[in-house]
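**Student:** what would the 3D arrangement of this be:
(2 chains)
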Amino acid sequence: MTSPFGVYVHVPFCRHRCDYCAFATYTDRDHLMEAYVHALGEELRRGIDDGGIPPASSVFVGGGTPSRLPADWLASVLVAIPRQPGAEVTVECNPEDVTEALLATYRSAGVTRVSLGVQSTVPHVLEGLGRRHGPPQVNSAAELVASAGFASWNMDLIMGGAGERKEDWQQSLDEVLGLPDPPPHISAYALTVEPGTPLSRSPDRHPDDDQQADRYEWADARLAEAGYRWEEISNWARPGHECRHNHLYWSQGNYRGLGSAAHSHQDGRRWWNVRTPDRYVALVHSGASPVAAEERLDESQRRFERLALLLRTPAGVPAEALSGDLDDLVTIEAGRAVLTRRGRLLANAVSARLVDPGSSTSGPVDAPT
Amino acid sequence: MLDIAQIRNFSIISHVDHGKSTLSDRILELTGAVDARNMRAQYLDSMDIERERGITIKAQNVRVQWKGHTLHLIDTPGHVDFGYEVSRSLAACEGAVLLVDASQGIQAQTLANCYQALENDLEIITVLNKIDLPAADPERCAAEIEQVLGLPAAEILHISAKTGAGVPELLDRVVERIPAPSGRADAPLQALIFDSAYDQYRGVVSSIRVMEGTLHQRDRLRFMQVGANHEIEEIGARTPEPVPVDVLGPGEVGYLIAGIKDVGGARSGETVTTATHPAPAPLDGYRDPKPMVFCGLFPIDGDELPDLRDALEKLRLNDASFTYEPESSRALGFGFRCGFLGLLHMEIVRERLEREFNLSLIATAPSVAYRAFLDNGNEVDVDNPSELPEASALDHVDEPMLKATILTPSEYTGAVMDLCQSRRAEMVRMEYLSPERVEFVYSIPLAELVVNFFDQLKSRTKGYASLDYEPDGYATADLVKVDVLINHVPVDAFSTIVHKTQADYYGRRMAEKLKELIPRQMFEVPIQAAIGGRVLARETVKARRKDVLAKCYGGDITRKRKLLEKQKEGKKKMKNIGRVEVPQEAFVSALKLED
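**Tutor:** Modelled structure (predicted):
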């Protein structure tokens, strides 16, 4: 069996910047699109030539707004990526960009999975998030995607936007689950205030942790009832619809990022490209490497990182990797400690109790209770 | 050896801020002891803290010449905490200059110092200072001094230590009025140590006054109170630069270096005699000052414990009046229980530890030394509230009392009485010194005075009231120990002994404060204040619900790992109370009781 390998393609262009977004994405660089697509092709070719990009088991195009690129340009990049048979290929789309033609072009380029950035179905919540689409686009995009013949698809939702009431959140999820063809995979993110974003500067719009916790717990129960299984902190899927590419991240797998600000990982070495598309294009075109920086993890860091990532998933960690009294935050099953619903929300605090199984002096020192 | 008839030994005594250090500076200049080029303000205050706070902590002395006479100016500590050192300095003098700020008049320490000088039979020269200030009212002040202290108004000198006006006349008056010392050069030696300081190169340098006999460079000495013999390394006079001499005769003031390693071996009040022809008895008045106020000092970083121990040892070389012993606290880790002469002394020691030894410390709330009487007839001294025996075993508890003298403009009479009443003080006496000025004498528990009393007094009287106090025995009171429990575990650092009537207030406030300061944990944390098993107050820190990062994809992993690593690092700095993690800052903030 060939080992899993992922390719991530970053598309840094957006029509509009959402004020909670901290991604490397730009609204005023559309003139760079063509040069950017060429640079992606060039970076890919170099990676293939030097052996850094073996055939991929999964490809993920994220952003930014990948659907903002002319579909055939994106297709030209995708077809050049070497793939294993049956590879999963995902493209993120904004609902307002989705057309039959766009989806057909994606399909012909080997796309197997679409991820729709819906966020909410409630108009005033969408407005509060600074999104440009409304419920009609959501419905029509969902219908188009569902009938386009993709193996799977996903919807992104956000909980905790400004002005979102409990009922609004429940309505969004109920409406999504009530679609004639509901998405087989759902990502539901608690809105996070990222430093440096416009949102971070208006504290009155910051979500309340306790409210978000309530909404998360409600959503998890609602999704379970609708036949979705918890896949990772913010992801749920019907059986067989897990996102393979994301599981690569959570299992500390190897992947290569293409494009500005894209991150890569190979056996404990993590590196990332320069952040702006301008510099990325300039570097690649001049024949230089677009890598901005890298870090090399030592053995103990790698072990800790691996456990912290696994802890976010139902795979859990070996029970002995957690120290101290964790009450109802984890359950132990077949020697593995897995986060409970309440524990998932406190995954950071639980991660701080991870002890390094590789070192003899084990872990944090706790006073006896 | 000086001609004893030409010697004058005197102190300047005053309330704080009435200009003592400035006057000392002027005298040094005027007598040519320090030339203008080398002059700096507060010349005799050698410690940074003394200059910054504008107070004298260590007694200093200097020998100056004035019109054929040798004057020894002995600078006394300027704070009530160091009252005993003041009394030893005064014992080295024949006279005192009573310095009163002409804009403020008599203050509490003016009275206390004046009474102390009279007890020592000193000739008092009364001086009104700061007559150049627009607010100065020398006539009124002079009348008050005559009325209150019985010192004739007509003889009061008017000076400005700042400009130097009237200072030569003052020195003339010192020569004319203050008697020359008495003492026979051939008598057995009796020399009084009235201050000792530690010098890292020379060991202990003591200030001495020869009362009887003659001190020769070659003498072998006996320190009568500690019962130790020492060889002289050097004797001399401060001019103010130290100048070695071969002989110090009767009446002379100077310094003595005798290879002593810490000031505890040469305390204020010690009598020095010769080993070969010792005096039959030491001088009167030796006392070993007992600490009055206690607190725990803990390094914020536990790794600094050895540094704190070293620093305390070094500081004690220079200050024999504070005590320390190891203490272990569940909440704060390892540290030291320290005893001090008073609150200012406590602040100074703490400040010196932090400043001179670069330590970061947590201090527990100041406590006093209680006497617990047990049902079984035993008696226990308790200077650490967490060590008070269980109520069931206690018969009663006594607390140290003070006699406090408060002087205030009469318009603040009500404010002062209200404050004192709220602090369990009982009025002993109230007297109008003049229509505008009232003197109160209260009997007040020391424990009430150490909590913010002076600041309150100042703020309620717009800064006009002044305070002086002295120990006044012990009294039985209805005292209880309030414990604070976090998640049912008592936190020793917050245990306190209070009067029964104040227990609820303390308990409620501590619980409320801790509720704000303790970060939410993975589970609910009850905070309780209790007397024994009786809960006075309860607050709950709700369980934290969410800390997880929503997204964790390719580009998030490095950031997330760094965040978790930082979080693990931060965890090490937490103190664990049971299974509750409390940041060190929470203890520090909770122990700041000033608000």
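**Student:** how about the strands in the stretch 351-500 of chain B?
**Tutor:** B:361-363, B:367-368, B:370-374, B:379-382, B:394-409, B:426-434, B:437-445, B:466-477, B:479-486, B:489-490, B:496-499 (DSSP state E, counting those that start in this stretch).
**Student:** contacts for the next helix or strand after the last one?
**Tutor:** Translated: strand B:496-499. Using DSSP states H and E, the next helix or strand after strand B:496-499 towards the C-terminus is helix B:500-517. Helix B:500-517 has contacts (Cβ atoms under 8 Å, 6 or more residues apart in numbering or on different chains) with B:478-480, B:482, B:484, B:486, B:494, B:496, B:498, B:527-531, B:536-541, B:585-586, B:589-590. To be clear about C-beta, it is placed using only N, CA and C from the backbone, and glycine gets the same treatment.
**Student:** and what of stretch B:453-473?
**Tutor:** Here stretch B:453-473 makes contact (Cβ under 8 Å, 6+ apart) with B:15, B:80, B:83, B:107-109, B:111-112, B:292, B:343, B:400-409, B:412, B:415-416, B:418-419, B:423, B:443-444, B:446, B:449, B:594.
**Student:** quick check: residues of chain B near chain A?
**Tutor:** B:522-523, B:544-555, B:557-558, B:560-561, B:563-565, B:567-568, B:571-572, B:576-579 (Cβ under 8 Å from any Cβ of the partner chain).
**Student:** helices along the chain, start to end?
**Tutor:** Answering for chain A, as no chain was given. A:33-49, A:71-80, A:100-108, A:123-129, A:135-147, A:166-177, A:209-225, A:244-250, A:277-285, A:299-310, A:341-345, A:347-351 (DSSP state H).
**Student:** ah, no, chain B please
**Tutor:** B:20-30, B:48-53, B:83-91, B:108-119, B:138-149, B:167-177, B:305-318, B:343-356, B:413-422, B:446-450, B:453-460, B:500-517, B:557-572, B:584-591.
**Student:** mean pLDDT for those: which is lowest?
**Tutor:** Between those, the one with the least mean pLDDT is helix B:48-53; it has a mean of 58.
**Student:** got a list of what residue 305 touches?
**Tutor:** This is for chain A. A:252, A:297, B:557, B:561.
**Student:** nope, chain B please
**Tutor:** B:299, B:333-335.
**Student:** lowest confidence element among the helices and strands of the chain?
**Tutor:** Using chain A here. Lowest mean confidence among the helices and strands of chain A (mean pLDDT, DSSP states H and E): helix A:123-129, at a mean of 90.
**Student:** you looked at the wrong chain, it should be chain B
**Tutor:** Per-SSE averages on chain B (mean pLDDT, DSSP H and E): minimum helix B:48-53, a mean of 58.
**Student:** residues near the nearest residue to B:F336 once chain neighbours are set aside, how many?
**Tutor:** Nearest non-adjacent residue to B:F336, counting by Cβ to Cβ, 6 or more residues apart in numbering or on different chains: B:Y324, 4.4 Å away. Using other Cβ atoms under 10 Å in any protein chain shown, B:Y324 is surrounded by 22 other residues.
**Student:** B:Y324 and B:A537, how far apart?
**Tutor:** With distances taken as Cβ to Cβ, to the nearest Å, B:Y324 is found 33 Å from B:A537.
**Student:** ok, A:S67 next?
**Tutor:** 59 Å.
**Student:** who's more crowded, those two?
**Tutor:** More crowded of A:S67 and B:A537, by other Cβ under 10 Å: A:S67, with 29 against 21.
**Student:** isn't that one right up against A:A101?
**Tutor:** No - in this structure, A:S67 is not within contact of A:A101 by Cβ atoms under 8 Å, at 11.8 Å.
**Student:** re the thing from before, report the distance from the least confident helix or strand of chain A to the chain centre.
**Tutor:** For helix A:123-129, the separation from the chain centroid amounts to 22 Å (computed by Cα atoms, centre = their mean, to the nearest Å).
**Student:** what of stretch B:272-285?
**Tutor:** 30 Å.
**Student:** repeat for stretch B:491-504
**Tutor:** The answer for stretch B:491-504 is 25 Å, by Cα atoms, centre = their mean.
**Student:** do stretch B:150-168 as well
**Tutor:** On Cα atoms, centre = their mean, the centre of stretch B:150-168 falls 29 Å from that of its chain.
**Student:** contacts for it?
**Tutor:** Taking Cβ under 8 Å, 6+ apart as the rule, stretch B:150-168 contacts B:19, B:22-23, B:25-27, B:29-30, B:98-99, B:102, B:124-132, B:138, B:142-143, B:145-146, B:169-170, B:173.
**Student:** buried subset of those?
**Tutor:** B:19, B:22-23, B:25-27, B:29-30, B:98-99, B:102, B:124-131, B:138, B:142, B:145-146, B:170, B:173 (16 or more other Cβ atoms under 10 Å in any protein chain shown).
**Student:** what is the burial count for B:H18?
**Tutor:** B:H18: 28 neighbours (other Cβ under 10 Å).
**Student:** taking chain A, what residue is nearest to chain B?
**Tutor:** Proximity of chain A to chain B (Cβ to the nearest Cβ) peaks at A:A213, 3.5 Å away.
**Student:** so who does that residue touch?
**Tutor:** A:345, B:545-546.
**Student:** and the spatially closest residue to it that is not a sequence neighbour, what does it touch?
**Tutor:** Among residues not flanking A:A213 along the chain, B:R545 sits closest, at 3.5 Å (Cβ to Cβ, 6+ apart). By Cβ under 8 Å, 6+ apart, the contact list for B:R545 reads A:209-210, A:212-214, A:345-346.
**Student:** could you turn the buried ones of these into a PyMOL selection?
**Tutor:** PyMOL command restricting those to the buried ones, with burial defined by 16+ other Cβ under 10 Å:
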select buried, chain A and resi 209+212+213+214+345+346
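**Student:** which pair of the contacts of B:R545 spans the longest distance?
**Tutor:** A:D214 and A:L346 (14.2 Å; Cβ to Cβ).
**Student:** tabulate the contacts of A:E305 (CSV), appending distance to A:A141.
**Tutor:** Formatted as CSV, the contacts of A:E305 follow (distance: Cβ to Cβ, whole Å):
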residue, distance to A:A141
A:Q252, 34
A:L297, 40
B:I557, 30
B:R561, 35
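**Student:** with neighbour count as extra columns, can I get those residues in a markdown table?
**Tutor:** Below are these laid out as a markdown table (neighbours: other Cβ atoms under 10 Å in any protein chain shown):
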| residue | neighbour count |
| --- | --- |
| A:Q252 | 19 |
| A:L297 | 19 |
| B:I557 | 19 |
| B:R561 | 20 |
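**Student:** for A:E92, state which of those is nearest.
**Tutor:** Of these, the one sitting nearest to A:E92 (Cβ to Cβ) turns out to be B:I557, at 18.7 Å.
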